[in-house]
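In: Turn this into a model:
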Amino acid sequence: MNFPRVLPALAVVAASLVACSSAEPAAPGREQLAGQASAKPTAPAKPKPKPYTIAFGGDVHFEGILRPRLNNPRTALGPIAGVLRKADLAMINLETAITTGGTPAPGKQFTFRAPASAFTALKSAGVDVVSMANNHGMDYMDSGLEDSLAAIKKSRFPVVGIGADEAQAYKPYRRTVNGNRVSIIGATQVLDDEFIQAWTATPDKGGLASAKNETRLIKAVRQARKNSDTVIVHLHWGTEMQKCPNQAQLSLAPKLVKAGADVVVGGHAHILLGAGYLDNAYISYGLGNFVFYNSNPATTGRTGVLTLTINGRKVLKDTWTPATIQGGVPVPMTGTARTGAIADWKALRSCAGLSAER
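Out: Residues are numbered from 1 along each chain as shown. Presented below is the predicted three-dimensional model:
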């Protein structure tokens with residue numbers, strides 16, 4: 001064998017093997033392939049919630065001088081609609097049965113009903129959800145309830161506080177606004193004694209969500225708290241013409257806050273009551289009349305829109321847009337009258353035990 005010739009040839013072969021091993025990586029083993037197969041693409045980051053606004057008006061019905069306004073639903077609520085439409089969400093208390101028939105509740109002095117076009121009018125005015133949990137929601141008893149539920153289903157208009165059974169009556173309205181998961185529950189603390197049993201929803205009977213059943217209402221709040229960023233409870237509560245919250249209100253509000261409510265609002269008294277902060281939550285004890293046939297300019301005719309700016313559980317700001325009821329509908333105030341009305345509204349919290357700031 002000629003070693004001088006063989007050695008250079010072996011060197012060439014070795015060099016080519018080294019070059020191949022560096023240019024082509026070794027095939028992956030089973031463990032490496034399994035790891036690659038189980039890897040998942042990274043999910044995009046969830047957008048950070050941004051503040052949103054929700055506007056609240058008081059009690060609404062369409063009786064008396066208001067009924068003809070439903071002939072043109074687009075303008076039924078008058079100029080206040082502009083304030084409602086500006087908010088991301090808007091809500092009122094619909095204090096009437098939605099029916100054109102039925103039998104009036106026996107012995108009641110005042111019974112309210114309205115055709116289903118009321119929902120069209122509210123939607124046109126920028127209202128997104130209403131509560132029918134109040135002392136007029138079943139003014140036309142069981143047949144009126146059936147008509148109301150049928151109208152709600154047909155119109156697909158969001159309504160809380162009423163249902164074919166207890167679960168439906170306490171079920172919250174849910175909507176995501178600017179990344180915030182908002183839940184709104186409706187219930188009434190005001191029911192005529194003789195109608196409490198007949199009007200209250202149970203597991204096997206339709207009716208209203210009752211705040212008199214505190215245990216059931218608190219359960220609904222706690223359930224909503226589990227998967228919501230903002231929990232709002234809309235209540236029918238208070239004593240007619242009493243400008244300070246009654247003991248039932250003062251007792252229930254902190255219980256709802258403890259259960260997880262971030263906002264508790266409502267009305268019934270026909271006049272405005274105080275609003276402000278209770279710990280980290282926001283409470284409004286009385287929004288007064290809103291679209292209502294009976295009004296005294298100095299008392300029951302004073303109304304307005306409460307607009308809250310909220311981010312998650314924090315109510316960042318409250319804004320009061322004062323109005324006076326003229327011809328049954330709220331007309332926003334201007335100039336010095338507006339300034340004075342805002343000051344008067346802020347003064348109402350002095351007897352409510354609420355704070356101007358968190």
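In: Send over stretch 341-354 as CSV, restricted to the C-alpha atoms.
Out: Presented in CSV, the C-alpha positions along stretch 341-354 are these (Å, rounded to 0.1, in the frame of the first residue of the first chain):
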residue,chain,number,x,y,z
ALA,A,341,-80.9,72.6,40.4
ILE,A,342,-77.6,70.8,40.4
ALA,A,343,-76.7,72.4,43.7
ASP,A,344,-80.1,71.4,45.1
TRP,A,345,-79.6,67.8,44.0
LYS,A,346,-76.1,67.6,45.6
ALA,A,347,-77.6,68.9,48.9
LEU,A,348,-80.1,66.0,49.0
ARG,A,349,-77.3,63.6,50.1
SER,A,350,-77.0,65.3,53.5
CYS,A,351,-79.7,63.1,55.0
ALA,A,352,-78.8,60.0,53.0
GLY,A,353,-75.5,59.2,54.7
LEU,A,354,-73.6,59.2,51.4
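In: neighbouring contacts of it?
Out: Contacts with stretch 341-354, where a contact means Cβ atoms under 8 Å, 6 or more residues apart in numbering, come from 243-245, 250, 272-278, 283, 285, 302, 304, 320, 322, 333, 355-356. Just so you know, the C-beta spots here come from the backbone N, C-alpha and C atoms, and that holds for glycine as well.
In: just checking, which of these belong to strands?
Out: Using DSSP state E, the members of the contacts of stretch 341-354 that fall within strands are 275-278, 283, 302, 304, 320, 322.
In: per-domain residue ranges of the protein.
Out: 3-38, 52-351 (automatic domain parsing).
In: Could you report the neighbour count for Ala259?
Out: 19 (other Cβ atoms under 10 Å).
In: go on, Lys171?
Out: Counted with other Cβ under 10 Å, Lys171 comes out at 19.
In: Please report the distance of it from Pro79.
Out: The spacing between Lys171 and Pro79, counted by Cβ to Cβ, to the nearest Å, is 33 Å.
In: And the helices in the stretch 1-150 of the chain?
Out: Shown for the stretch 1-150 of the chain, the helices assigned by DSSP state H, counting those that start in this stretch span residues 3-23, 30-38, 81-86, 117-124, 141-155.
In: least reliable of those helices going by mean pLDDT?
Out: Ranked by mean pLDDT, the helices of the stretch 1-150 of the chain end with helix 3-23 at the bottom, a mean of 40.
In: Can you get me a residue count around Arg174?
Out: Applying other Cβ under 10 Å, I find that Arg174 has 13 neighbouring residues.
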